[in-house]
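*Asks:* Just to be clear, the model below is a prediction. Sequence and coordinates:
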Amino acid sequence: MKVFKVTGKIYKPNLTTDFVREMVADKAEHAEEKAYAEIGSRHRVKRCHMKVTKVEEISPENIKNPILKKMVTEA
């Protein structure tokens with residue numbers, strides 16, 4: 001499994017906000033899909049109100065999420 005950093009924007013009627021998520025996935029497409037599902041579920045945002053701008057693979061040294069970092073380095 002690889003670690004991907006997914007960045008994008010959420011567009012709501014009165015608010016625009018940025019998001020950054022670190023995801024474990026096999027491919028970049030899977031990480032993007034997982035980000036849509038997670039953000040939509042937690043924040044009640046429909047996919048048409050989200051825009052993923054960048055999906056990039058990151059090395060284990062650059063992971064900021066401590067739980068994810070421990071998962072990747074121990075495996």
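*Replies:* Structure received.

*Asks:* all contacts plus neighbour counts: C-alpha atoms, from now on.
*Replies:* Noted.

*Asks:* Where does pLDDT dip in this structure?
*Replies:* Low-confidence segments of the chain, defined by pLDDT under 70, are located at 75.

*Asks:* residues of the longest helix along it that come out buried?
*Replies:* Longest helix in the chain, counting residues (DSSP state H): helix 28-43. Using 16 or more other C-alpha atoms under 10 Å as the test for burial, helix 28-43 gives 28, 31, 32, 34, 35, 36, 39, 40.

*Asks:* Quick check: buried residues in the host helix or strand of residue 10?
*Replies:* Per DSSP states H and E, residue 10 falls inside strand 2-12. Neighbour counts using 16+ other C-alpha under 10 Å place 3, 4, 5, 6, 7, 8, 10, 11 of strand 2-12 among the buried residues.

*Asks:* How about residue 2: which residues does it bridge to?
*Replies:* Residues in a beta bridge with residue 2, per DSSP bridges, are residue 25.

*Asks:* I'd assumed residue 22 was in contact with it.
*Replies:* No - counting by C-alpha atoms under 8 Å, residue 2 does not reach residue 22; the two are 10.4 Å apart.

*Asks:* any idea how far stretch 2-16 is from the chain center?
*Replies:* The chain centre lies 8 Å from the centre of stretch 2-16; the measure is C-alpha atoms, centre = their mean, to the nearest Å.

*Asks:* Just give the closest residue to residue 28, not the sequence neighbours.
*Replies:* residue 55 (6.4 Å; C-alpha to C-alpha, 6 or more residues apart in numbering).

*Asks:* what about that neighbour, how many neighbours?
*Replies:* 19 (other C-alpha atoms under 10 Å).

*Asks:* just checking, it touches residue 20?
*Replies:* No - the criterion here is C-alpha under 8 Å, and residue 55 misses it with residue 20 at 9.8 Å.

*Asks:* and for those two, which residues touch both?
*Replies:* Contact criterion C-alpha atoms under 8 Å, 6 or more residues apart in numbering; residues shared by residue 55 and residue 20: 5, 6, 7.

*Asks:* so the last one makes contact with residue 50?
*Replies:* Read that as residue 7. No - in this structure residue 7 lies outside contact range of residue 50 using C-alpha under 8 Å: 10.5 Å.
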